[in-house]
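In: With the sequence up front, the predicted model follows.
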Amino acid sequence: MNEHRVSYEVAKLLREKGFNLLVNHFYSQSGKLFPRTIESGYEPMTFEADDFYENFNTITRYEVEGKYQNVFSAPTLHQMVDWLREEKDIQIKIVWNKFYPDTPYEYEVRPTWRDEPVRPYGMGGMQSTYYKSLERAINEALKMIDKKEFKKGGDLKDNSKNKNMSTENEFIEIADYGDQMYFTRDFGQVIVGDDEKEIPLVLVAKIENFYEATGEDEFEEKPFAISLNIYPSIELIDKQHIDSVAESAGINMDEVGYTDLDSYGLGIPLILKDAEEFYSEMSEAEDFLKSKEFQDQLSARQITIGWYMDNAINRAGQSRWEYLEYVLSKDKGFY
């Protein structure tokens, strides 16, 4: 039976994480995969019956490849899913998305004791096959095991449901999803419509690991990048939009926060040349995001926000103002 198993690198990590299920395959120190064998006289015999499963991670001296060595249990991907759920309180779910026929498989990772996903749909989970998506989900889950806020009964660092975000001209962290971090800051206010209504703006910054999200080699060396999107204060967004976001995320309307809006793609992109760099470490991107140099650039953009909003946002020539009005009232219509 050709079963899909974890990679050698994951198997080594599992030994450190205390993986203790019985398996019938293992990796040697050289990274070669072997089946469980039982000595019979001078000839090894291979068994596939459940009776001959072993926890190889507890064995310190196993004879293979002509020498005694530590070996590593090699569970199947589905064994990993069971172990993460039963031992680490981490649930993995794979969903087929018909709207992306080339990469239809999305994954979701969450603590078993929370309703909302920790890994939002579509955020790097899009894969061409079920097993590729499952491998990505397992890798994501392993990063979360040791996070104290991920322990059962703990509280994830996620303030994205807070309607009153930062009121200062500096970023505050609202969510940490492992290979993604979200921040918000006040972005002033604008006057919209014939009734000249004042609309407070919130700037949402996301730092994302593009290599984890795409698997593309071009992002391997410097995988982290910043994206910026402008939103009206969340309570002013048209309820029809909020309903669509909630349905997409599988949550209630009153649970929708800025991370959900950003995953859905409802914001107005803020393009700044200096924010288009890629970084080797998440911390480097965060340091730049919070630097005085970058804060000064954002403050300067706030002053010229009217000019920025005048520019077209689509090929139909509609401006960012028109899109903002559409976000505030879906009945306005937008191409």
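Out: Alright, I've got the coordinates. Numbering: from 1, shown residues only.
In: Distance from the chain centre to the longest helix along the chain, please.
Out: The helix that spans the most residues within the chain, counting by DSSP state H, is helix 130-144. From the chain centre to the centre of helix 130-144 is a distance of 11 Å (CA atoms, centre = their mean, to the nearest Å).
In: Check which residues of that helix are buried.
Out: For helix 130-144, a neighbour-count test (16 or more other CB atoms under 10 Å) marks 132, 133, 134, 135, 136, 137, 138, 139, 140, 141, 142, 144 as buried. Just so you know, the C-beta spots here come from the backbone N, C-alpha and C atoms, and that holds for glycine as well.
In: Surely the third one touches residue 109?
Out: It refers to residue 134. No. Contact between residue 134 and residue 109 fails when scored by CB atoms under 8 Å: they sit 11.0 Å apart.
In: Common neighbours of those two, please.
Out: residue 92 (CB atoms under 8 Å, 6 or more residues apart in numbering).
In: Go ahead and produce PDB holding the CA coordinates of the longest helix of the chain.
Out: Extracted C-alpha coordinates of helix 130-144, given in PDB (Å, rounded to 0.1, in the frame of the first residue of the first chain):
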ATOM      1  CA  TYR A 130      -5.100  17.000  -1.300                       C
ATOM      2  CA  TYR A 131      -1.900  15.600   0.000                       C
ATOM      3  CA  LYS A 132       0.100  18.800  -0.700                       C
ATOM      4  CA  SER A 133      -2.400  20.800   1.200                       C
ATOM      5  CA  LEU A 134      -2.300  18.300   4.000                       C
ATOM      6  CA  GLU A 135       1.500  18.500   4.200                       C
ATOM      7  CA  ARG A 136       1.400  22.300   4.400                       C
ATOM      8  CA  ALA A 137      -1.300  22.100   7.100                       C
ATOM      9  CA  ILE A 138       0.800  19.700   9.200                       C
ATOM     10  CA  ASN A 139       3.900  21.900   8.800                       C
ATOM     11  CA  GLU A 140       1.800  24.900   9.900                       C
ATOM     12  CA  ALA A 141       0.400  23.000  12.900                       C
ATOM     13  CA  LEU A 142       3.900  21.900  14.100                       C
ATOM     14  CA  LYS A 143       4.900  25.600  14.300                       C
ATOM     15  CA  MET A 144       2.100  26.200  16.700                       C
END
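In: for that helix, packing partners?
Out: helix 8-17, helix 77-88, strand 90-96, strand 105-111, helix 210-214 (3 or more CB pairs under 8 Å, 6 or more residues apart in numbering; DSSP states H and E).
In: quick one: which of these is nearest residue 184?
Out: Between residue 184 and the helices and strands packed on helix 130-144, the shortest separation by CB to CB is 21.1 Å, and it involves helix 210-214.
In: Residues contacting the closest one, please?
Out: 123-124, 136, 139-140, 179, 216, 219-220, 223-225, 278.
In: what do you get for stretch 258-273?
Out: Under CB under 8 Å, 6+ apart, the answer for stretch 258-273 is 120-123, 158, 160, 165, 174-175, 182, 184, 202-204, 206, 227-231, 234, 237, 241, 244-246, 248-249, 251, 297-298, 301, 308-309, 313, 320, 323-324, 327.
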